[in-house]
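Student: pasting the structure only:
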């Protein structure tokens, strides 16, 4: 097995039963493993709700560490539709030329820097700074602010050996409160100010709602992008031929990024709260219990994907669900896709090969399943072209 | 060269021409309202949904199983629905009329 491979721990359960079970802090979760079942469940927001107690649809549950509702993520239509519409244009800015140019500048500078070093620990010295600096573009604030976020380390919500850590989470929440205060005192062109000045259904967004959007923006894009970036580096370290191919066939860049995102599934799953007794995949689920939409399993569903466990760099038809499905598709997906496109293109252009020197897998404990989602650490040496 | 007409939800009709790539890319290049193409054309996001004029279905062909599965749950979908990232621009589709779904 290659070190960059992410095995599919759901294969047998997906085929045999279509569901799995996880007990999370005494609030059990029925995991939905097949792509078609997952899509139906994701689409049915009335029976499978996002607008439950804040934090409950996240697995592991965050109900004990926050009261703020993440917006628009923890709302259902029609409220979700109105809030999503209010923030949509801002989160599509990554498609603008200036944004892409700035992102390219950041990524080229970082790649040039790691090419000069003897060895690089990718999670802390490449993925985290890259994700943090790019987030300054999404928030439209000075790049220097990223140094604060980098200093928090890779896990804002987790300590070593502890699934969730309220004290660590409060660092982020306190920071966001300070930034909202600053934006109220001195409005600018940043996301905080834009949200404070925006209205939904004719009413100005409240401070608590702005807080909810900002927590989502920080939390949703952190571990996910760090995993995607780190896994990409590991993959190219073990597949130098893919770097060569991307250099020679730049037209496959978009397909390659979508395929990496399918295979990595940087977020394993996301929950919903069941509003009435019903069935998923012919299994009964009770009202007020939880189900999860297991993106990582659905992306390996052999009923839909040929060679599901392989990275097929130019996969043409790729209906993966790494960015979710239906109403709740990832708000940060445009930013993430643009970042990964620029990263992969830059690696192909500048890097000849990558030596994978040392690694520590990051394995999620999902009770019935243990899933490798990325790396706790990955030490490599980059070689310039 | 193929001329393709898009009718957006507000009734605006725009005819554009192209000779390569996908219809989604052509629409995006011409900023056709309602065609986002978020996933870049791999049939993963369903943000390029169009209804093909019934008389033009013989030119565009019908949706593949993967496309139909993507559209199955969409309230706006019907038998003429396609994800236009899966329609290749060529002379064969010259003159088609596509109604943008969203």
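Tutor: Received it, and whenever you're ready, just let me know what you need. Bear in mind the structure is a predicted one, so any value in this text is a computation, not a measurement.
Student: any idea which residue sits dead centre in chain A?
Tutor: What sits nearest the mean C-alpha location of chain A, by C-alpha atoms, centre = their mean, is residue A:224, with 3.1 Å.
Student: roughly how far apart are that one and chain B?
Tutor: Shown here: residue A:224 relative to chain B, a distance of 16 Å by C-beta to the nearest C-beta, to the nearest Å. C-beta here means a position set from N, CA and C on the backbone, and glycine is covered the same way.
Student: do residue A:239 as well
Tutor: Distance check for residue A:239 against chain B: by C-beta to the nearest C-beta, it reads 20 Å.
Student: what comes up buried for the helix or strand of chain B with the lowest mean pLDDT?
Tutor: One helix or strand of chain B scores below all others by mean pLDDT, DSSP states H and E: helix B:65-71, with a mean of 93. Using 16 or more other C-beta atoms under 10 Å in any protein chain shown as the test for burial, helix B:65-71 gives B:66-67, B:69-71.
Student: For chain B, which residues are neighbours of chain A?
Tutor: B:38-45, B:64, B:66, B:69-70, B:72-73, B:86 (C-beta under 8 Å from any C-beta of the partner chain).
Student: Swap in 7 Å and give it another go.
Tutor: By C-beta under 7 Å from any C-beta of the partner chain, the part of chain B that sits against chain A consists of B:38-44, B:66, B:69-70, B:73.
Student: Can you name the next helix or strand after the least confident helix or strand of chain B?
Tutor: Counting by DSSP states H and E, the next helix or strand C-terminal to helix B:65-71 is strand B:81-83.
Student: which secondary structure elements does that next one contact?
Tutor: Of the remaining helices and strands, those touching strand B:81-83 by 3 or more C-beta pairs under 7 Å, 6 or more residues apart in numbering or on different chains; DSSP states H and E are strand B:49-52, helix B:65-71.
Student: which residue packs closest to the residue of chain B most remote from its centre, ignoring adjacent ones?
Tutor: Most distant residue from the mean C-alpha position of chain B: residue B:73, 17.8 Å away (C-alpha atoms, centre = their mean). Excluding the flanking residues, the one nearest residue B:73 by C-beta to C-beta, 6 or more residues apart in numbering or on different chains is residue A:43, at 4.3 Å.
Student: you'd agree residue A:192 is up against residue A:177?
Tutor: No. Look at residue A:192 against residue A:177 with C-beta atoms under 7 Å: they stay out of range, at 10.6 Å.
Student: Could you give the secondary structure assignment for the nearest residue to residue A:118 once chain neighbours are set aside?
Tutor: Excluding the flanking residues, the one nearest residue A:118 by C-beta to C-beta, 6+ apart is residue A:381, at 6.7 Å. The three-state label given to residue A:381 by DSSP: H, G, I helix; E, B strand; the rest coil is strand.
Student: coming back round to it: tell me which residues are up against the strand or helix carrying the residue nearest to the centre of chain A.
Tutor: Here residue A:224, judged by DSSP H and E, is contained in helix A:223-238. Residues outside helix A:223-238 that contact it (C-beta atoms under 7 Å, 6 or more residues apart in numbering or on different chains): A:2-4, A:122-123, A:126-128, A:130-131, A:154, A:242-243, A:260-261, A:264, A:266-267, A:311, A:336, A:339-340, A:343-344, A:347, A:354-356, A:373-375, A:378, A:380.
Student: C-terminal to that helix, what's the next element?
Tutor: helix A:240-248.
Student: residues from the stretch 1-150 of chain A in reach of chain B?
Tutor: The interface of the stretch 1-150 of chain A toward chain B, taken as C-beta under 7 Å from any C-beta, is made up of A:36, A:39-40, A:43.
Student: List only buried entries from the residues you listed.
Tutor: The neighbour-count test (16+ other C-beta under 10 Å) marks A:36, A:39-40, A:43 as buried among the residues of the stretch 1-150 of chain A next to chain B.
Student: List the residues that contact the residue nearest the centre of chain B.
Tutor: The residue lying closest to the centre of chain B (C-alpha atoms, centre = their mean) is residue B:84, at 3.1 Å. Neighbour list for residue B:84: B:22-24, B:27, B:35, B:48, B:50, B:98 [criterion: C-beta under 7 Å, 6+ apart].
Student: Please give the element, helix or strand, for residue A:327.
Tutor: Using DSSP H and E, residue A:327 maps to neither a helix nor a strand.
Student: ok, residue 71 - contacts?
Tutor: By default, I'm working from chain A. Per C-beta under 7 Å, 6+ apart, neighbours of residue A:71: A:83, A:209, A:212-213, A:216.
Student: should've been chain B
Tutor: For residue B:71, the contacting residues are B:46, B:49, B:63, B:77, B:81, by C-beta under 7 Å, 6+ apart.
Student: gap between the fourth one and residue A:232?
Tutor: When C-beta to C-beta, to the nearest Å is the yardstick, residue B:77 and residue A:232 sit 34 Å from each other.
Student: And for the second one?
Tutor: Distance of residue B:49 to residue A:232, given as C-beta to C-beta: 30 Å.
Student: picking that back up, tilt between the helix holding residue A:224 and helix A:240-248?
Tutor: For helix A:223-238 against helix A:240-248, the angle by axes from the mean of the first three to the mean of the last three C-alpha atoms, to 10 degrees is 100 degrees.
Student: in helix A:223-238, what's buried?
Tutor: Result for helix A:223-238 [16+ other C-beta under 10 Å]: buried residues A:223-237.
Student: Below-threshold pLDDT in chain B: ranges please.
Tutor: Under the criterion pLDDT under 70, no range of chain B is flagged.
Student: hmm, back to that, now the residue nearest to the centre of chain B, nearest residue through space, not along the chain?
Tutor: Per C-beta to C-beta, 6+ apart, closest to residue B:84 is residue B:23, 3.9 Å.
Student: Got the phi and psi for the one you found?
Tutor: Dihedral pair for residue B:23: phi -60, psi -40, per degrees, to the nearest 10.
Student: again, but for residue A:272
Tutor: Torsion angles, degrees, to the nearest 10, at residue A:272: phi -140, psi 150.
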